[in-house]
Every structure is written in structure tokens, then in C-alpha cells.
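Enquirer: here is a sequence together with a model predicted from it:
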Amino acid sequence: MLDKVITSGTFSLDGGTWDVDNNVWLVGDAREVVVIDAAHDAGAIAQRVGGRSVRAIVCTHAHNDHINAAADLARRTGAPIRLHPADQVLWEQVYGDEVAYEPLADGDKFEAGGIELQVLHTPGHAPGAVCLYAPEVGALFSGDTLFKGGPGATGRSYSSFDTIIASIRERLLMLPPETVVHTGHGDSTSIGAEAPHLEEWITRGH
């Protein structure tokens, strides 16, 4: 029902480049999956998909390390790429106007293998950042909005600390505390583990 591929590459923004490992999540069953954040290596992701059909390639945001394998994976699988259009400026930094995506919006739903994913627009790390909530399996795919230990980075262009804190407080911490948070990088956590630390993040952030 839930699978992960860790791919490695670089993240570049504002003239800097950093080495990163990304979590690519596959949600579905033995027949079909949704791929969340096609990062760095379309071949490795396609190998993990195997013979399953890909219903959609969903981008939690358009930083290059989360989308740089999306076009290749779409060509291999025939699946549509889905992205919140508020991240258009970041998308164009990678693909210009050569690769199209289908816009997604808050409240949209995806389904693969009997698992429903609900789109939560959670701006802050990027204007079009989203999380995907699967209530039946008690899971949240948070991209770079919420990590084990705090919110995603907001020190670069098109990001806002106050906005990401509002997104986490109003959209994520309202979820059941046992909800497992599967992140875009690093280890998973839970809503219950992170919720008590909101005020210290705010103090630290300012």
C-alpha cells in the first residue's frame, strides 16, 4: 500500500546548490499507484513502480529536487503531472514552458488502489506547497512543509515563515495526533509528536 524510494541529487535555488536525499512515495496497491514527488532518478522510481499503472505524479511543490524527474517519469508511464499553479515560477526555473502539468487545488482528491489522498494547500515553504492526507490509513505526505523536528525551511525566495506556521497550525495540527507524517526528506514522524513544539518553533523562527 505504501512504498518509498530514496533518490539522491541536488537542490538549487537563489544561486546555491546543496546535495540532498529525497523520499519518493508510492501510494496504492499491486495494480496502481500515485507517485508523490518524482525526484532525481526516474529510472529508479519506474523500477519500483514495476508493472503497476501510475494514476498521477503529484508534486508537493516545485523546488527542483522534487520535480526534476517528473517529466521523464511522465514520459515513461503516461501519467499526468499535478502541481499547484502558485508554484509556476519555480516550475519554470526547471522546465520553462516546455513541460505541461495539470493544476491541482485545495480539496482535490486522488485515488489509487482504494486509498484516497486529499490535497491540503499548505503554503509557506513554497507558494504552491501542498500536503496529501490519506485518512483511511492515517497518513500525511507532507513534502517539505513539516519534518521531524519542525517546519520546512523558509529562508529562500518565495517562502515565508509566518505562512508556513499558519499552514501547519490551521491545516496539519488539526489532524488526529496518531497521523503518521511521511516527509520529503529524512525520517517520518507523527502529528502528535510535533504538535507540542509549535510555540518553540515560532520563538526559534523569529
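Expert: Yep, that arrived. Computed from a prediction, not measured in an experiment: that's the story for all the values here.
Enquirer: low-confidence ranges in this structure?
Expert: Across the chain, the ranges flagged by pLDDT under 70 are 206.
Enquirer: tell me where it has strands.
Expert: 2-13, 16-28, 32-36, 53-58, 81-83, 102-103, 109-112, 115-121, 130-134, 139-143, 146-147, 150-151, 180-183, 189-190 (DSSP state E).
Enquirer: ok, which of these comes nearest Ser159?
Expert: Proximity to Ser159, assessed across the strands of the chain by Cβ to Cβ, is greatest for strand 2-13 (9.4 Å). From N, CA and C alone the C-beta is placed, and that goes for glycine too.
Enquirer: and the closest one, how far from the chain's centre?
Expert: Taking Cα atoms, centre = their mean, to the nearest Å, one finds the center of strand 2-13 at 11 Å from the center of the full chain.
Enquirer: partner strands of that strand, with direction?
Expert: When sheet partners are counted by DSSP bridges, strand 2-13 sits next to strand 16-28 (antiparallel).
Enquirer: so for the strand it pairs with, what gets flagged as buried?
Expert: 20, 22-28 (16 or more other Cβ atoms under 10 Å).
Enquirer: compute the inter-axis angle for it and strand 115-121.
Expert: 140 degrees (axes from the mean of the first three to the mean of the last three Cα atoms, to 10 degrees).
Enquirer: picking up where we left off before, among the strands of the chain, which is nearest Asn64?
Expert: Closest to Asn64 of the strands of the chain is strand 2-13 (Cβ to Cβ; 5.7 Å).
Enquirer: so which bits of that closest one are buried?
Expert: Under 16+ other Cβ under 10 Å, the buried positions of strand 2-13 are 2, 5, 7, 9, 11-13.
Enquirer: which residues sit against it?
Expert: 17-27, 33, 39-41, 44-45, 48, 63-65, 68-69, 93, 137, 139, 156-157, 182 (Cβ atoms under 8 Å, 6 or more residues apart in numbering).
Enquirer: repeat that for stretch 21-29.
Expert: When contacts are defined by Cβ under 8 Å, 6+ apart, stretch 21-29 is touched by residues 1-9, 33-40, 45, 48-49, 52, 55, 65-66, 112-115, 117, 132, 134, 141, 182-186.
Enquirer: how about Leu117: which residues does it bridge to?
Expert: Phe110.
Enquirer: how close does it get to Pro103?
Expert: 16 Å (Cβ to Cβ, to the nearest Å).
Enquirer: what of Leu146?
Expert: Leu146 is 23 Å from Pro103, where distance means Cβ to Cβ.
Enquirer: look at those two and report which has more neighbours.
Expert: Each of Leu146 and Pro103 has its neighbours counted (other Cβ atoms under 10 Å); Leu146 has more, 27 against 12.
Enquirer: which ones are touching the more buried one?
Expert: Listed by Cβ under 8 Å, 6+ apart, the contact set of Leu146 reads 131, 140, 152, 168, 172, 181, 183, 189, 194.
Enquirer: give me the number of residues near the nearest residue to Ala86 once chain neighbours are set aside?
Expert: Spatially, and ignoring its direct neighbours in sequence, Ala86 is nearest to Gly128 (3.5 Å; Cβ to Cβ, 6 or more residues apart in numbering). When neighbours are counted by other Cβ under 10 Å, Gly128 registers 25.
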